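Q: using only what follows, build the 3D model:
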Amino acid sequence: MTATFDPATGRPSGPEPPVRLSLTPEGATPGRLDGAWWPRSHDLLREVPPLAAALDPKWGRITRITVNPAHWPVIPQRVPVAGHVIHVGWFEQEQDADEVMVCLAVGMWCA
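A: Down below sits the predicted model:
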């Protein structure tokens, strides 16, 4: 497989691959979204938009995510996605290094 890079951004060009996401079955835990997400890089600006595109239509608009900086070397304060901005926060000790918390606009659910 050969990757083509955009010289202006230094990032791979071409279509984004589908998000790698697995969610618990609907109704498994009312009011709580649980699952697993396998990002392809450590770049939140690249990884969050496909995650939002997968979750927003069914679960509501993502408004905020939090991460542990152990796996994310650069944590932007905001990530632009289609039609809105997702605010990004981080916790070192309070959040497991392998966990991402997603807050949704609908009732301000956090999952």
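Q: all helices of this structure, in order?
A: Using DSSP state H, the helices found in the chain span residues 44-59.
Q: low-confidence regions, the chain specifically.
A: 1-17, 25-32, 106-111 (pLDDT under 70).
Q: go again with 50.
A: Low-confidence segments of the chain, defined by pLDDT under 50: 1-3, 5.
Q: nearest spatial neighbour of the spatially most central residue of it, skipping sequence neighbours?
A: Taking CA atoms, centre = their mean as the criterion, residue 48 is the residue nearest the geometric centre of the chain, at 3.5 Å. What sits nearest to residue 48 in space, not counting adjacent residues and going by CB to CB, 6 or more residues apart in numbering, is residue 79, at 4.4 Å. To be clear about C-beta, it is placed using only N, CA and C from the backbone, and glycine gets the same treatment.
Q: please enumerate the strands of the chain.
A: Applying DSSP state E to the chain gives strands spanning 21-23, 35-37, 62-67, 78-81, 84-90, 101-104.
Q: how about residues contacting the last one?
A: Just to be clear, that refers to strand 101-104. Strand 101-104 has contacts (CB atoms under 8 Å, 6 or more residues apart in numbering) with 33, 51, 55, 59-67, 95, 109-111.
Q: ok, the fourth one next?
A: Contact with strand 78-81 is made by 44-45, 48-49, 52-53, 56, 62, 65, 85-88, as judged by CB under 8 Å, 6+ apart.
Q: buried residues, stretch 61-70. List them.
A: Residues of stretch 61-70 classed as buried: 61, 62, 63, 64, 65, 66, 67, 68 (neighbour count, 16 or more other CB atoms under 10 Å).
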